[in-house]
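Enquirer: With the sequence up front, the predicted model follows.
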Amino acid sequence: MVSSVVGVDFMTSRKNILSRILSQYGISLALLIEIILFSRLSPFFFTTENILNVTLQISITAIIAAGMTFVILTAGIDLSVGALVALSGVLATSVLKLPIPLIYSFPLFLATGILVGVFSGWLSAFFITRFNVTPFIVTLALMSIWRGGAYLYTGGRPVWGLPHAFSMLGGGRVAGIPLPTLIMLAVYAAAYIVLQYTRFGRHVYAVGGNQEAARLAGINTKRVLRQVYILCGVLSALSGMLLASRMNSGQPNAGLMYELDVIAAVVVGGASLFGGRGSIVGTFVGAMLIGVSRNGLNLLNVNSYIQQIIVGLVILVAVMLDQMRKR
Amino acid sequence: MVSSVVGVDFMTSRKNILSRILSQYGISLALLIEIILFSRLSPFFFTTENILNVTLQISITAIIAAGMTFVILTAGIDLSVGALVALSGVLATSVLKLPIPLIYSFPLFLATGILVGVFSGWLSAFFITRFNVTPFIVTLALMSIWRGGAYLYTGGRPVWGLPHAFSMLGGGRVAGIPLPTLIMLAVYAAAYIVLQYTRFGRHVYAVGGNQEAARLAGINTKRVLRQVYILCGVLSALSGMLLASRMNSGQPNAGLMYELDVIAAVVVGGASLFGGRGSIVGTFVGAMLIGVSRNGLNLLNVNSYIQQIIVGLVILVAVMLDQMRKR
Amino acid sequence: GKKETRKSSKIIGVTLLTRAHLFYKDLEEGLLSAAARNNYELIITAAEFDLGRQSGQIEDFVARRVDAIIVCPADSRGVGPAIAKANQAKIPVFTADIASQEGEVVCHVASDNIAGGRQAGEYLARTLKGKGNIAIIDQPTLTSVLDRVQGFKDAVALYPDMRIVADVNGEGVRDKAMQVASDILQAHPELNGIFGINDDSALGALDAVQQFKRSGISIVGYDATPPAVDAILKNTALKADVVQYPRRIGETTIQKIREYFSGVPPQKVVPVEVGIVDRDSLSRTQTR
Amino acid sequence: MSSSPLLEMLHITKQYPGVLALDDVTFDLYAGEVHCLVGENGAGKTTLIKILSGALPKDVGELRVNGKPVFLHSPADAFEAGIGIIHQDFKLVPELTVAENIFLGREPCRGRSPFIDFEKMREGARAVLAQLGESLDPRARIGTLSVAQRQVVEIAKSLSGKNRILAMDEPSAALTGKELKNLFAVIRRMQEEGVGIIYISHRIDEIFEIGTRVTVLRDGKHVHTCKTSEADRRGLVSWMVGREMDQEYPKVRLQRGKEILRLENLNGGKLRNIHLAVYQGEILGLAGLVGAGRTELARLIFGADRLENGRILLDGKEIHPHSPRDAIDAGIGLLTEDRNRYGLIMEMSIEKNITLSNLKAVSRGGFIQGEKERGAAQQFAEELRIKTPSLDREVSTLSGGNRQKVVLARWLFTRSRLLLFDEPTAGIDVGVKYEIYNLLNQLALNGKGVVIISSDLPELLGLCDRIVVLCEGRITGELSREEATEEKIMLLATSVVDMRGHRDDREA
Ligand SMILES: Nc1ncnc2c1ncn2[C@@H]1O[C@H](COP(=O)(O)OP(=O)(O)OP(=O)(O)O)[C@@H](O)[C@H]1O
Ligand SMILES: Nc1ncnc2c1ncn2[C@@H]1O[C@H](COP(=O)(O)OP(=O)(O)OP(=O)(O)O)[C@@H](O)[C@H]1O
Ligand SMILES: [Mg+2]
Ligand SMILES: [Mg+2]
């Protein structure tokens, strides 16, 4: 929806110091408050090991969220990411069961996973651009199909008994930092650069802001959409492979409901589901906010029912703060 | 006339109405094909008893989908419906445990359930209109909060040992037709009339089509949004109560993932998540399509993994048909 | 002659709790193999923890006029009305694994979840010599799991030096269990034992323990699925598993149906043994 | 004219972040007068109207109707006070019908019931449209209408109520000939009924045609108010732009060069048998009534719509533009007539909107070079005098005319060989129009093909070397600069209708 100049949001007359601070930090402020609070409440929270632990935990959904940011920026959505985590996990790990040394099968494992991601993203984009089916429906259908496929392929059982060295991918550390954390950071750095400084990034914003105007400005909107869904698919598959490595098995029930967590991170991070608005830094903070909430509440051994309630409140309050700053 | 447009008995209604529906709603064609197919494949499918059975089964999500149609027409979304089914179910049924005769406690039961729905809808609208938080976030937060609340209130165990007569609400029949089916038809008839023929209905479309234009035309957009979310909340609560009656207990894990089914029905029915576009008849057909697929595949004894895949395909193909017709 | 016996004599509708867990996978196999032996045709569906869906599946079976229905209820009480419908249609209902509190059920075949949880607790207490800090990787949204945890807590309560320091929700799947277990490990440097309410939970906890290279932790799982058995045999932190013999539950259920069809009314409740396996017992006898 | 004013807006001040849009502006309106409001783009005209509409809160100031203070907290309040508004950016709901839009917010109901009387509503819509001489189908969805048709609906919407005050923000920007005459007739009729009318336009002639008084705003400040009978064109323009301007259409005689575009027997959409040639060094005008097919023709050449058959030759070589990208790569640019719908990415900055179609020019290896981009945007912003505190602002914060300048800048920056301009000066003030005409001349001088579609006939006559007239999808004539007059164009623009001897529904 193109909102026009009326600009009721700009009630600038009562701008005090607090709101000026808020305008700088947005939901980062909510994250900061939360971190301070948890540090006070639990001596185990603000330790190097736990901070690494948090980044390790969020890495899986955060990597997908980076891809989802691109998709949502184009006013699209991808509900198939969770199922794709499972499908890429089981398909790729089953390559590792081949009777060949890991040194050969590992590249094959990577190739398989990535290929699954590329294919799924391509297929989504195909139905979206070619048949004009809305992304919600296409990816909902694919979610159902991939999940069913993962169960069907494995017969509902995990793919297990994998070479032990394989677990290095998700479980290894470099300079003390978990590999998935490093991969996540690399993904975010790359995504940031792409969105901010490349033509492709600009096109993504343009397509989401006004697809028809973008087309008439000479942007190949179909190609942009294709690239965006493929990117999201590949990052989901990457997450699926990392997760499989951490569990040293391919689980057909992995990634259940991840789509909701991932979309929440992106939207909490300030992106609009109507496209054209959002940032990769926001998504990262959004993913952190959700991840830190869960971790902190687990450390404090808060009853899981109450955890659900608190996480809901945290999301609501954080986004409210963010909105209030825009006044 | 209205009930035949809604299309309970496709085969017996008049030809001209049938063809009108088909030309207007491409997915009706998909539904028709599916019905014919299942009738051929299973002798149990096209029997009065099974048709009533299908309508009974879809009634729960379809009633919510009617409310969700209003919400989505305003370019909103309500993710809290599934959790609300659980919360209204457990809160309302616990009233029935009071040591008073059912004749007194039953109205109290209804009042409690409805109140829960009104409150939830009002709260959603409050955050959306007052703090400008996007509906996705507000209702995601409420989904988490209500679900956590339902578990917390019951300790994770169902509310049971309810008076046996209570199960009449969801299990009873009038003139051979299950009560929930009748309630669903009434809800759809009313929703159709409201959306098509009343000022409120037009305002719903206007707010979703161009909120700024609606506001400038003097429409109280905040009030429209409030009414719409309350409506969706109340219909979710109504479903929650019917479900509780069918199960003769209040289940804290009832309605899990209903939000996805419900939104799918609305979007398959032709509504746009960007607002302003959609119809109540479309939603009904969308809900039927999903419900009939599940029922038919169950009757044909299709493996549940393959069922997931087929349901995904059916949704995709139906919406593709619908899009191709629009060319 | 032979051709006639090939045609399945009875059609049985099955609604499992879920197909996303190995336990039910095994139960399903037990059903299938026994059904094949008896020439029964099975229509297998799964509720995926959704009682509404399960009620629908039962109603579908009634509409299809199957000869018998096997239910693994998504909830013990809530499934009652649906079963009542089958009763009305005079279709015999059997329950497996989880009982129904309402409706006419011909026969219930199951292992006792409370007993299973108690065995896990006792094993852990033995291993830890009656003292230590314990965490539970829970899934408190399922009645059957609530029972297991209840049994576990009852057993542990007998040891005053054992403390349950954490009870977190791993949602019964390995990836989520791994995540919450990782958090628990941070908060409790002195953790000695973990109870996983199913094998995905226990294996997820094991993943976390291995990734954070923690020693001195004993994990007890539930269901004894092949990956768990493998982990136990490999002398990992996963020390023992409660076995429910889901195959046997499935096979027994079909056997009881056959008895019913042949006119012998089966007993109301058929208990299937629950046991606990660890490295010793596993290497002694090949359970599976 | 009565003695006390119908409306007084006293000392109105409005501050946007970084922009003082209105600075102590006082404005009044008497019953039965047409008070024109003029000023450069971004002078604050629309802002004043929005405050009057209740959609935008003022910072300082007072509003009075019939001498009594009024407080407008919402558009509903303004409606209550008898104030009707025609908004510059249409405020219509694309999914609803013409009739539903006209009566939005005050649908006629059956008695006191909540049920809409659709029959009455359609009749009402038909009646107001008839006042405007339009026979648009009241059941047509807004989303399917052209800009001009939407403009008519927007006008009809404001006529359907019983307003004492009517503010019209550039109602004529998309209208031509007949529609304009009908609009003026309606305005005069309302004037007689005692309605006070505020009229905003950048077409100076119109001010003198229907205005009673005129007020000039510049940079948010009130500059001058006088009777139109006491003002002259030159004076008014110099009040607006703050300097003298002598010539309105700077025309440079050019040498027609070689053929750059050739259309052979083009068919597609409503277009039939289009033969057309465009030459280097000339400005070609396309004229026609609303819905004649000018926009569609431009879109076809640009690859935005599907071509049924026919050949498009650029520099003698046949091209097959299947998408705007193809056309742009071939060297064709199209400025669309609807800047809000098809031109701008609202939530993107001014700078990014300008460079969008030619990012290659400011990037290396896929990476955009910030400084280069800024430089390019800066240049055009200055040349076209885009009024904004910063090029980082979202386009949505710009005034209507300034938005138009942004799209113009985009296409000037692509340096295409053939430029199709669909209503390039819609909503642009006289001062900048002059600059734009100079730029267009410059383009032609540099050997580019320039095609202009405009509903402002004097503009076409003043600017073009050749004018081709379309009617109902066919070319009905071609006029050279020397022979072209408004009458001749109008005759050709309605020729098919005349030949058929009856009038099409749309044109009646
Ligand atoms: N929402 C907004 N945020 C910031 N600045 C704004 C906003 N809306 C308008 N402005 C600024 O206020 C000033 C006045 O704008 P306004 O729309 O009133 O101009 P105008 O006189 O109507 O111009 P035009 O002739 O181009 O329509 C402009 O400088 C414009 O950029
Ligand atoms: N494929 C299309 N998609 C969207 N809009 C279109 C398409 N083709 C034409 N239009 C719109 O339809 C309207 C009618 O175009 P047409 O060429 O008939 O009118 P015109 O001669 O340009 O007259 P005017 O612009 O004054 O209405 C235009 O506003 C144009 O924007
Ligand atoms: Mg303006
Ligand atoms: Mg046009």
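Expert: Structure's in. What do you need? Numbering: from 1, shown residues only, chains lettered A, B, ... in the order given. Ligands and ions are numbered 1, 2, ... in the order given.

Enquirer: Just the buried residues of stretch D:130-143, please?
Expert: Residues of stretch D:130-143 classed as buried by neighbour count (16 or more other CB atoms under 10 Å in any protein chain shown): D:131, D:132, D:134, D:136, D:137, D:138, D:142, D:143. Where you see a C-beta, it was placed from the backbone N, CA and C, and this is true even at glycine.

Enquirer: Check stretch A:177-188 too.
Expert: A:178, A:179, A:180, A:181, A:182, A:183, A:184, A:187, A:188.

Enquirer: Need the per-residue pLDDT for residue 193.
Expert: Using chain A here. Reading off the confidence values, residue A:193 has pLDDT 97.

Enquirer: let's do chain D instead
Expert: In this model, residue D:193 carries a pLDDT of 90.

Enquirer: Which ones, among the buried residues of stretch A:177-188, also lie beside ligand 3?
Expert: Counting by CB under 5 Å from the ion, nothing from the buried residues of stretch A:177-188 sits close to ligand 3.

Enquirer: ok, how many other residues are close to whichever residue of the stretch 151-288 of chain C sits closest to chain B?
Expert: Going by CB to the nearest CB, chain B is nearest to residue C:169 of the stretch 151-288 of chain C, at 9.7 Å. The number of residues packed near residue C:169 is 24, by other CB atoms under 10 Å in any protein chain shown.

Enquirer: So which elements touch the helix or strand harbouring residue A:283?
Expert: Residue A:283 belongs to helix A:280-299 when assigned by DSSP states H and E. Judged by 3 or more CB pairs under 8 Å, 6 or more residues apart in numbering or on different chains; DSSP states H and E, the packing partners of helix A:280-299 are helix A:27-41, helix A:48-73, helix A:179-197, helix A:258-268, helix A:304-325, helix C:174-187.

Enquirer: nearest to residue D:266, of those helices?
Expert: helix A:48-73 (37.4 Å; CB to CB).

Enquirer: any idea of the mean pLDDT for that closest one?
Expert: Mean predicted lDDT for helix A:48-73 stands at 96.

Enquirer: is that helix anywhere near chain B?
Expert: No. Counting by CB under 8 Å from any CB of the partner chain, chain B is not contacted by helix A:48-73; separation bottoms out at 10.4 Å.

Enquirer: which other helices and strands contact that helix?
Expert: Checking 3+ CB pairs under 8 Å, 6+ apart, helix A:48-73 ends up next to helix A:81-96, strand A:177-178, helix A:179-197, helix A:199-209, helix A:221-247, helix A:258-268, helix A:280-299, helix C:174-187.

Enquirer: coming back round to it: read off the pLDDT value for the residue of the stretch 151-288 of chain C closest to chain B.
Expert: Confidence score, pLDDT, at residue C:169: 93.

Enquirer: May I have the phi/psi pair for it?
Expert: Backbone torsions of residue C:169, given as degrees, to the nearest 10, read phi -90, psi 110.

Enquirer: bridging residues for it?
Expert: residue C:138 (DSSP bridges).

Enquirer: Kindly report the same for residue C:134.
Expert: Here residue C:134 sits in beta bridges with residue C:164, residue C:193, going by DSSP bridges.

Enquirer: residues in contact with the residue of the stretch 201-327 of chain A found nearest ligand 2?
Expert: Nearest to ligand 2 in the stretch 201-327 of chain A, going by CB to the nearest ligand atom, is residue A:212, at a distance of 7.7 Å. By CB atoms under 8 Å, 6 or more residues apart in numbering or on different chains, the residues touching residue A:212 are D:341, D:342.

Enquirer: give me the element it is part of.
Expert: Here residue A:212 sits within helix A:211-216, counting by DSSP H and E.

Enquirer: how far out from the middle of the chain is that helix?
Expert: Offset of helix A:211-216 from its chain centre (CA atoms, centre = their mean, to the nearest Å): 27 Å.

Enquirer: Could you tell me how far residue D:284 is located from chain A?
Expert: 21 Å (CB to the nearest CB, to the nearest Å).

Enquirer: Same question for residue D:393.
Expert: 11 Å.

Enquirer: quick revisit: you'd agree the residue of the stretch 151-288 of chain C closest to chain B is up against residue C:136?
Expert: No. Residue C:169 is not in contact with residue C:136 according to CB atoms under 8 Å; the separation is 9.7 Å.

Enquirer: Name the residue of chain C that lies nearest to chain D.
Expert: residue C:52 (34.0 Å).

Enquirer: Surely that residue is in contact with residue B:59?
Expert: No. Residue C:52 lies out of contact with residue B:59 (CB under 8 Å); the separation is 10.4 Å.

Enquirer: quick one: the longest helix anywhere in chain A near chain C?
Expert: Counting by DSSP state H, the longest helix found in chain A is helix A:102-130. No. Applying CB under 8 Å from any CB, one finds helix A:102-130 separated from chain C by no less than 15.7 Å.

Enquirer: buried set for that helix?
Expert: By 16+ other CB under 10 Å, the buried positions in helix A:102-130 come out as A:105-106, A:109-110, A:112-121, A:123-129.

Enquirer: go on, stretch D:106-124?
Expert: D:107, D:109, D:115, D:116, D:117, D:118, D:121, D:122, D:124.

Enquirer: Torsion angles phi and psi at the nearest residue to residue D:297 once chain neighbours are set aside?
Expert: Closest residue to residue D:297 apart from its sequence neighbours, by CB to CB, 6 or more residues apart in numbering or on different chains: residue D:271 at 5.8 Å. When read as degrees, to the nearest 10, the backbone of residue D:271 gives phi -80, psi 140.

Enquirer: can you give me the helices in chain C?
Expert: Listed in chain order, the helices found in chain C under DSSP H are C:2-6, C:22-38, C:51-64, C:80-88, C:113-127, C:143-156, C:174-187, C:199-211, C:226-233, C:246-261, C:279-284.

Enquirer: wait, which of these is closest to residue D:241?
Expert: helix C:174-187 (66.0 Å).

Enquirer: That closest one near chain A at all?
Expert: Yes. Judged by CB under 8 Å from any CB, helix C:174-187 comes into contact with chain A at C:174, C:175, C:176, C:178, C:179, C:180, C:182, C:183, C:184, C:185, C:186, C:187.

Enquirer: The second one contacts residue C:203, correct?
Expert: No. Contact criterion CB under 8 Å: residue C:175 and residue C:203 do not qualify, at 10.4 Å.

Enquirer: Need the residues touching each of these two.
Expert: residue A:247.

Enquirer: And the two? Which one has more around it.
Expert: residue C:203 (31 against 26).

Enquirer: show me where pLDDT drops low in the chain?
Expert: Using chain A here. Low-confidence segments of chain A, defined by pLDDT under 70, span residues A:1-25, A:326-327.

Enquirer: please go with chain D instead
Expert: Using pLDDT under 70, chain D drops low at D:1-2, D:496-508.

Enquirer: What confidence value was assigned to the residue of chain C closest to chain D?
Expert: pLDDT, residue C:52: 85.

Enquirer: Ok, residue C:30 next?
Expert: What the model reports for residue C:30 is a pLDDT of 94.

Enquirer: which ones are touching it?
Expert: By CB under 8 Å, 6+ apart, the contact set of residue C:30 is C:246, C:247, C:248, C:249, C:250, C:251, C:252, C:253, C:254.
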